[in-house]
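Peer 1: How does the following fold in three dimensions:
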Amino acid sequence: MKLNHYQFIIIIALFSNFQILGQDTENGVTSQYWADYSPSTKISEKVNFEGTIGYRTNSPQLWNRYFIKGKFKYKRKKNIKNKLFYSEQFSAGLGVYYTNNFYVSDRIEIIPVQSYSLTWPNTNKLKLNHNFDLEERFELNTKNWKNNFGLRLSYEPTLTLYFQGNSTEFRKGFYLPVSLYLYWNLIDVQQFNDRIRVTPGIGYAFSPKWKGAFLIGYNYSKVTKDENFYKSDVIFRFRVYHNL
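Peer 2: Reported below is the predicted structural model:
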C-alpha cells in the first residue's frame, strides 16, 4: 500500500515529537521498553479468547517485568444502520506478573480482571472503542511473602484510523491507533500505581491472522505506595497480534 503525502506527514510528525520527549532526562522523564505477543482464537460465534505474553524493562534500569494474561470475551454486535455498528463485549480474565527488582525485593502480582467494552462508532475510516476494567491486585513480596491487596478501576478510549477497507471485512495495510488510559487506584499496591497514559502509534495488518504495531506513549505514575512521589516515563512498545 502506498502512503499519500498527508499520511506520510502525520506519521513523521508523530514520532519526531515523541523522540524529543524521550531524550528529556533532565526533567525526570525516563524510558520504558515493552514487547508483547498477543494470540487470540474464536471459541464460538460470540465467545473469543485473547491472551498476551510480554516483557518490560526501563532505562536507567531498575527492574525487568515478565507477564502472561488472558481473557474470555463475550461479544454482542448490532447493526444500527448501514455501515455503522454498535458492538459491546463483556470479559473476565487473569494476569500473572513477575517483577525482578534490582534494588528492592522481587514481586509477584496476580490480577483477576472484569471488563466491559463498547465500540461505537465503527465506520470505514475510524473505530472508537471504550474499555472499562476493574482489577483486584494481589501483590506478593518474594522476600517475606506478605500480600498487598489493591483495587484499580480504569477507562481506556482507543481511536483507530484506517487508510483503506471497510468495517465489515479485513482491512489490510497501515492504521493509526491512539489510546488514553485513565486509572483510579482505589487501593494502592506497593509498585506500579499508574495514573494516566497516552499512547499513539502506527500499525500494519499483514493478513487476517497477523498484524503488528509500534507505539510511543507518555506514562505518569506514583512510584510506591508509601511515598507521595510521582514520575513520568516515555514508553516504546512493540506489539504482535496473532489470530490463531
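Peer 1: Nearest spatial neighbour of residue 203, chain-adjacent residues omitted?
Peer 2: residue 213 (3.5 Å; Cβ to Cβ, 6 or more residues apart in numbering). In short, each C-beta sits where N, CA and C put it, glycine included.
Peer 1: how about the one you found, what does it touch?
Peer 2: By Cβ atoms under 8 Å, 6 or more residues apart in numbering, the contact list for residue 213 reads 177, 201-204, 237-239, 241.
Peer 1: mind running it again at 7 Å?
Peer 2: 177, 201-203, 239 (Cβ atoms under 7 Å, 6 or more residues apart in numbering).
Peer 1: For the closest residue to residue 73 other than its chain neighbours, list the residues it contacts.
Peer 2: Excluding its sequence neighbours, the residue lying closest to residue 73 (Cβ to Cβ, 6+ apart) is residue 91, at 4.2 Å. With contact taken as Cβ under 7 Å, 6+ apart, residue 91 is in contact with 71-74, 115.
Peer 1: which ones among those are found in strands?
Peer 2: 71-74, 115 (DSSP state E).
Peer 1: are any of the residues you listed buried, and which?
Peer 2: Neighbour counting by 16 or more other Cβ atoms under 10 Å classes 71, 73, 115 among the ones in strands among the contacts of residue 91 as buried.
Peer 1: possible to save those residues as a markdown table with distance to residue 160?
Peer 2: Below are these laid out as a markdown table (distance: Cβ to Cβ, whole Å):
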| residue | distance to residue 160 |
| --- | --- |
| 71 | 19 |
| 73 | 18 |
| 115 | 18 |
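Peer 1: Closest one to residue 208 out of those, please.
Peer 2: Distances from residue 208 to these, taken as Cβ to Cβ, are shortest for residue 73 (17.9 Å).
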